[in-house]
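In: what would the 3D arrangement of this be:
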Amino acid sequence: VCLPWAGDGIEYSYTSSNASSLTVKVVAGGSTYGKTSFTLLVDGVEYGYCYINSTATNTQFEEHTLTFNNLPSGTHTARLVRRDKDFAAAHTYIKSLSFNGTLNNAPATSDLKIEFIGDSITMGYGLSAVQGNDVTKSWAYLTAKGVNAEYSIVGKSGYNIQNILDQNLYKSWSTVANNIDYSPTKKADMVIINLGTNKESDEDTFYSNAVKLINIVRNIHGSNVKVLWVYNMMTEKYLGKMQLLKTNGYVNDVVKLKRDTSGSNGHPTAQGQLESANILINYLRANYNYNGTPQTGTSNTAGTTATTAKPTTSSGGGGGGTTTSGTVIDWDVNTNFWTEGSQIVSKDASGITVTKASGKNLLSANENNLTGYDGLTFTVTPNSGNEKTTLEVQVGDDGSKAATFPIGSGTTSCTLSFADYGITP
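Out: Model (predicted):
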């Protein structure tokens, strides 16, 4: 299986009577930055991720072995996704995949398919210095997940539309291993484009190049494919020309997403990507009746070649509740998990109260040490019921192992485990 783009991967259903391990043989070449990484999701929950270091060239290939341990027993759906941006190991293949258990019939697929075309933002570049690059936390991946759609993601960091046209990237690099024209078996119902962050020579060139790209899209997916242009995550350059594309009938709509330049090199953070995805999910539900619900959070794992964390599914509200009584969060960990200096911090808001059953404010300077807690259940109460915050639970004095959870005005409760974040109690 060839995986030329971030977001490419393989999904399968398995049944195992005991905790299973997954071994994946990966062949990689064409490395520029040397690292390629893969995320494993089990039943939609991030289980862990692995890096490989490749020194191979376009004509030389190296084989690497990835191992994920202690996958849950029973019947589950697993998805292995290439998570990094496009530069590293452009020629990447899954050679083999083995596990303990039975391979079931292929998981059911959605009738809806969305294709995303973009640059580094769409690739999930620069989420933070810790998180690095992860397409599974990008607005594109989260949008597809949120409306239960099959997806295709095509893009290259630093590229504008002119670069894509000059290098024939969309038509042939989509099958980079064989450099043949892109002809998907399943055509997209909608194509969503986010280009314009990287400058064109001028506004008129942006417009004419956008028309050329859209024509290519329609030649591939059919004249009836819906096309949206989204913008604003880093800039709103060329907005007038984007709106002209709609006026002249080239795109169905132009949609404004969340501005966030607080990640690495001015890129959106994971939280900014999430908020953009939710804007788009709500738009698609309201205007196209696409099924699905906004995402309630994304995990923030530390890289590992083998995780022993047991994944648990988070649950939480979006849109239906009230925060007047606070958001109740339960982290299921043991006493020994908390080391001296472990604490809860609010990353981006004031007026947030975090209390345990005792009523003490865990954001207070003298209540931050969580040593000795057997699990941790606490309540978050915004002072007016509308604030949004990202809580970060830090383990140890250096905060090197951290789990974050974004809390919005519609969230009422959530139960999750540090295992969601690849951190083992």
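In: which residues of the chain score low on pLDDT?
Out: 29-35, 53-60, 85-91, 128-132, 169-182, 292-425 (pLDDT under 70).
In: show me the helices in it, by range?
Out: Along the chain, counting by DSSP state H, helices occupy 139-146, 161-166, 169-172, 203-221, 239-247, 270-288.
In: tell me the buried residues in the second one?
Out: Along helix 161-166, the positions that meet the burial threshold by neighbour count (16 or more other CB atoms under 10 Å) are Ile161, Gln162, Asn163, Ile164. The C-beta positions use only the backbone N, C-alpha and C, and glycine is treated the same way.
In: re earlier: please produce CSV containing the helices of the chain, extended by distance to Thr122.
Out: Listed next are the helices of the chain as CSV, based on distance: least, CB to CB, whole Å:
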stretch, distance to Thr122
helix 139-146, 5
helix 161-166, 12
helix 169-172, 13
helix 203-221, 14
helix 239-247, 16
helix 270-288, 10
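In: which of these sits most buried?
Out: Among the helices of the chain, ranked by average contacts under mean count of other CB atoms under 10 Å, first place goes to helix 139-146 (a mean of 26).
In: quick revisit: closest one of the buried residues of helix 161-166 to Leu195?
Out: Nearest to Leu195 among the buried residues of helix 161-166, counting by CB to CB, is Ile161 at 5.3 Å.
In: doesn't Phe206 make contact with that closest one?
Out: Yes. Contact status for Ile161 versus Phe206: in contact at 6.8 Å, counting by CB atoms under 8 Å.
In: joint contacts of the two?
Out: Gly196, Glu200 (CB atoms under 8 Å, 6 or more residues apart in numbering).
In: ok, Val42 to Gly7 distance?
Out: To Gly7, Val42 is 18 Å away according to CB to CB, to the nearest Å.
In: with neighbour numbers in mind, choose between these two.
Out: Gly7 (24 against 20; other CB atoms under 10 Å).
In: what does that one show for phi and psi?
Out: Phi and psi for Gly7, reported as degrees, to the nearest 10, are phi 100, psi -20.
In: quick check: it touching Val81?
Out: Yes. Between Gly7 and Val81 there is a contact at 6.4 Å, judged by CB under 8 Å.
In: who touches both of those two?
Out: Counting by CB under 8 Å, 6+ apart, the residues touching both Gly7 and Val81 are Val135, Thr136.
In: re earlier: list just the nearest of the buried residues of helix 161-166 to Ala149.
Out: Nearest to Ala149 among the buried residues of helix 161-166, with distances taken as CB to CB, is Ile164, at 22.8 Å.
In: ok, now how distant is that closest one from Val217?
Out: Distance, Ile164 to Val217, using CB to CB: 11 Å.
In: run a quick neighbour tally on Ser201.
Out: Around Ser201 there are 10 residues (other CB under 10 Å).
In: let me redo that: Ala106
Out: Residues near Ala106, counting by other CB under 10 Å, number 10.
In: so who does it touch?
Out: Glu11, Tyr12, Ser13.
In: for Tyr288, same thing?
Out: Contacts here follow CB under 8 Å, 6+ apart; on that basis Tyr288 touches Met190, Lys226.
In: now the terminal residues of stretch 140-155, how far apart.
Out: Stretch 140-155 has an end-to-end distance of 11 Å (criterion: CA to CA, to the nearest Å).
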